[in-house]
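from the sequence below, what's the structure:
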Amino acid sequence: MGRNDLANLSATELMAPMAGLSLFLVENRLTGTQSDLGSHLKEHLLYMIELEKRGALVMSGPLYDETGAMTGGGISVLRADSFAAA
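All right, here's what the predicted structure looks like:
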């Protein structure tokens, strides 16, 4: 269905495919030091790639402070059947 076709649908019709999604926002916070992060980063990235391959990861990325520096934390949006599964 092209964009012009979509323009003819009502807002209810446009939202219908999204209404059944169970999405969860997860915030990850660094509990150690920035230097601790480096030793776990590769393992974390491999895990996130696996979530994406399974269709569970919608989007993810790091958080930044007011100076533009990464905080060591991040957020992810996960697709899951329940809060516990997310």
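
the helix or strand that contains residue 71 pairs with which strands, parallel or anti?
If you go by DSSP states H and E, residue 71 is part of strand 70-79. Here strand 70-79 has these sheet partners by DSSP bridges: strand 23-28 (antiparallel), strand 57-64 (antiparallel).

tell me how many other residues crowd residue 80.
Residues within reach of residue 80, counting by other C-beta atoms under 10 Å, total 15. For glycine as for every other residue, the C-beta is placed from the backbone atoms N, C-alpha and C.

hang on, it packs against residue 22?
Yes - between residue 80 and residue 22 there is a contact at 6.0 Å, judged by C-beta atoms under 8 Å.

sorry, back to before: residue 16 is nearest to which of the strands paired with strand 70-79?
strand 23-28 (15.5 Å; C-beta to C-beta).

so what touches the longest helix seen in the chain?
In the chain, assigned by DSSP state H, the helix with the most residues is helix 34-53. The list of residues contacting helix 34-53 from outside it, by C-beta atoms under 8 Å, 6 or more residues apart in numbering, reads 30, 57, 60, 72, 76, 78.

the second one and residue 74: what is the separation?
Shown here: residue 57 relative to residue 74, a distance of 12 Å by C-beta to C-beta, to the nearest Å.

turn the strands paired with strand 70-79 into JSON lines, columns for distance to residue 4, mean pLDDT and mean neighbour count.
Below are the strands paired with strand 70-79 laid out as JSON lines (distance: least, C-beta to C-beta, whole Å; pLDDT from 0 to 100; neighbours: other C-beta atoms under 10 Å):
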{"stretch": "strand 23-28", "distance to residue 4": "28", "mean pLDDT": "94", "mean neighbour count": "12"}
{"stretch": "strand 57-64", "distance to residue 4": "27", "mean pLDDT": "95", "mean neighbour count": "14"}
